[in-house]
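Engineer: Got a sequence here, can you model it:
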Amino acid sequence: MIPQSFIQDLLNRVDIVDVVGKYVQLKKGGANFMGLCPFHNEKSPSFTVSPTKQFYHCFGCGAHGSAIGFLMEYSGQSYPEAVRELAQSVGMSVPEERDRLPPGQRAEQQARSVALSDAMTRATEFYRRQLRGAPQAIQYLKGRGLTGEIAAQFGLGYAPDDWQGLESVFGSYRDDVIAAPLVEAGLLIESSEKRDADGKPRRYDRFRDRIMFPIRNTKGAVIGFGGRVMGQGEPKYLNSPETPLFSKGTELYGLFEARHAIRETGYVLVVEGYMDVVALAQLGFANAVATLGTACTPVHVQKLLRQADSVVFSFDGDAAGRRAARRALEACLPHLADNKAIRFLFLPAEHDPDSYVREEGTEAFAAQVRDAMPLSRFLLQAVTEELDMRQPEGRARAQYEAKPLLQAMPACGLRLQIIRELADATGTTPAEIEAICGLRSDPARAGRFAQPRPRAKRQAPTGLEQRVLQLLMCYPSLAARLDEDSRALLLDPEGADAEVLAHLVAACDEVEGQVNFAAFSEHLAQSPYAEMYAAARTAVLREEIEEEPATQEFDAAVTKLLAEPLSRELERLQAAVIAGTADEDGKQRMRWLVGEIHRRRRLG
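Structural biologist: Below is the predicted model:
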């Protein structure tokens, strides 16, 4: 866990205008900067960046956040990745990393990482230069329908049929200092058996006579390669091995190049090969990515769902394609949510996506994508196929097959819908399926749909309370103006709207020193009330208010709000008077309350 104090310090040092300005052309517009939103298509700028609040907000699509949130949304980075990139840009070390390693070891690790990155960059340029002078490789790419423009976009290259091709760039492989980072980066293979005359292990190029596909991370840096043969050789694809930079189970080919198209189309298309990704981009489907010679993993799915709310997996319709789809299904289950859609597209056995588009056309392929099978249907199909559902044994086996899949899913509306369909298919009730699959932790509740315990509905703040929230979000120090009596009345648990305000006042009390709006908003976004804070934040971003008028407005709003708990007390006393149970002190208090409430409601 990265400490919140570090996040606040980081966002105090970073300038969001500089961060966003690297990716969006911004122009000054009053106190803020404006530009075309990078998260949706628009002709008139509705995307604003506030240097005072250190926050961005699009009034067209609603995208908003701090510098951390922008990198996560734009580049598809995880929260820790975005924090690390920002920290690096201002010379800070993330506490998790700083505390784990001693200074000497940390410096050594950083130097190794720089050497590996440099090796990958220089190798990429070498392969690209080699492609220009390799007519057979150029002819192969043209035969696959690729233009020079698309090849340049993906940085395609060619590894010559040479055992020591990279020596022309890096120097002699016999030099251990030169060879060490190249071996570690997976560019060279070091033989464990063959040795040179001086006893050193024989070293040679891993990639030879192959079309080279650079694999980039979310920041665009090359971290590995995929090499494809041009003829009938094996393996058809040769990938970089696992290295400190590259892990096949976490990276996706083409994600960096596809990120803009994914946002424009609203979905990401997952295919099986590098060539499919590049060819589809050429044919108008620039939102395609591919796994790296391995089955889809839960980490892949998590990364995909950060990019879009809709994911379509495309597989061949043969038995191998079905097996790959089943593995992808299992990887998806832990990350299912009711606001995410995952579908499966099975092409005819004789086609891959590239060949299908070329033969049937883009409209036909787009229709296939639209009609792709929902995850729920594929799951139910997978657990019932080849079973005789007319027999008890077949229905029981379907329940047996479904059990681990349902257990892997989070408790959400989609799981409930799948349970109901499975119950219908197996002649049971949803509650019986839940009991069989162990989805109820309390055995007394298994076997029936028990009603959840009634819960008080979380109220959205009123108009006046919403304004207090906005002012506190702008200036957390205003919370110090609330004395004990005011807090006792204002945060009275009987008040329908007190829950959110109580949380915000507590968060304000925890703030030490000056904190900017972005850092404080980032903290509030991690709370259970994030949705309500988001509504208040949108209003804050629409205005600029100085601290002095904000203080005056806050005091007046609080004074008016305090009339509400006094009104509840007045109602209780009035009821006691009507019932004849009020004493003289109560009657006197009631008369004072009437005047005080009237006075407070006139203020502000």
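Engineer: from what I can see residue 337 touches residue 409, true?
Structural biologist: No - taking contacts as C-beta atoms under 8 Å, residue 337 lies outside contact range of residue 409: 10.1 Å. In this view, the C-beta of every residue, glycine as well, is placed from N, C-alpha and C.
Engineer: between the two, who's got more neighbours?
Structural biologist: The neighbour count for residue 337 versus residue 409, taken as other C-beta atoms under 10 Å, is higher for residue 409 (20 against 13).
Engineer: for the nearest residue to that one once chain neighbours are set aside, what are its contacts?
Structural biologist: Nearest residue to residue 409 in three dimensions, chain neighbours excluded: residue 415, at 4.5 Å (C-beta to C-beta, 6 or more residues apart in numbering). Contact partners of residue 415, counting by C-beta atoms under 8 Å, 6 or more residues apart in numbering, are 336, 406, 409.
Engineer: how much space between the last one and residue 270?
Structural biologist: In this case it means residue 409. Here the criterion is C-beta to C-beta, to the nearest Å. By it, residue 409 lies 20 Å from residue 270.
Engineer: and if you look at the first one?
Structural biologist: Going from residue 336 to residue 270 by C-beta to C-beta gives 16 Å.
Engineer: Show me which of the two is the more surrounded one.
Structural biologist: The neighbour comparison of residue 336 against residue 270 (other C-beta under 10 Å) goes to residue 270, with 26 against 21.
Engineer: nearest residue to the more buried one other than its sequence neighbours?
Structural biologist: Using C-beta to C-beta, 6+ apart and skipping residues adjacent in sequence, the residue nearest residue 270 is residue 313, 4.7 Å away.
Engineer: The one you found sits in which helix or strand?
Structural biologist: When elements are assigned from DSSP states H and E, residue 313 belongs to strand 310-316.
Engineer: Check which residues of the helix or strand that that strand is followed by are buried.
Structural biologist: Using DSSP H and E, the next helix or strand after strand 310-316 towards the C-terminus is helix 319-332. Across helix 319-332, burial judged by 16 or more other C-beta atoms under 10 Å covers 321-322, 324-326, 328-332.
Engineer: Pipe the residues you listed into TSV and attach distance to residue 119 and pLDDT per row.
Structural biologist: Formatted as TSV, these follow (distance: C-beta to C-beta, whole Å; pLDDT from 0 to 100):
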residue	distance to residue 119	pLDDT
321	36	87
322	40	89
324	32	91
325	36	94
326	38	94
328	33	95
329	38	96
330	36	95
331	31	94
332	35	96
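Engineer: Can I get the residues you listed in a markdown table including distance to residue 525?
Structural biologist: Shown next, in a markdown table, are the buried residues of helix 319-332 (distance: C-beta to C-beta, whole Å):
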| residue | distance to residue 525 |
| --- | --- |
| 321 | 40 |
| 322 | 41 |
| 324 | 37 |
| 325 | 36 |
| 326 | 36 |
| 328 | 31 |
| 329 | 32 |
| 330 | 31 |
| 331 | 28 |
| 332 | 26 |
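Engineer: Please identify which of those residues is nearest to residue 70.
Structural biologist: The nearest member of the buried residues of helix 319-332 to residue 70, counting by C-beta to C-beta, is residue 332 at 27.2 Å.
Engineer: Would you agree the closest one is in contact with residue 342?
Structural biologist: Yes - between residue 332 and residue 342 there is a contact at 5.2 Å, judged by C-beta under 8 Å.
Engineer: Show the pLDDT at residue 62.
Structural biologist: Model confidence at residue 62, given as pLDDT, is 81.
Engineer: What pairs with the strand holding residue 313, parallel or antiparallel?
Structural biologist: If you go by DSSP bridges, strand 310-316 pairs up with strand 268-271 (parallel), strand 341-347 (parallel).
Engineer: Which stretch among those strands is buried most, on average?
Structural biologist: Among the strands paired with strand 310-316, strand 268-271 has the highest mean neighbour count (mean count of other C-beta atoms under 10 Å), at a mean of 27.
Engineer: contacts for it?
Structural biologist: 252, 258, 262, 277, 280, 285, 287-291, 296, 304, 307-308, 310-314, 328, 352-353, 369.
Engineer: Which residues belonging to stretch 352-367 are considered buried?
Structural biologist: 352-354, 356-357, 365.
Engineer: What about those residues, which are in helices?
Structural biologist: 353-354, 356-357, 365 (DSSP state H).
Engineer: farthest-separated two in the residues you listed?
Structural biologist: The most widely separated members of these, counting by C-beta to C-beta, are 354 and 365 (9.8 Å).
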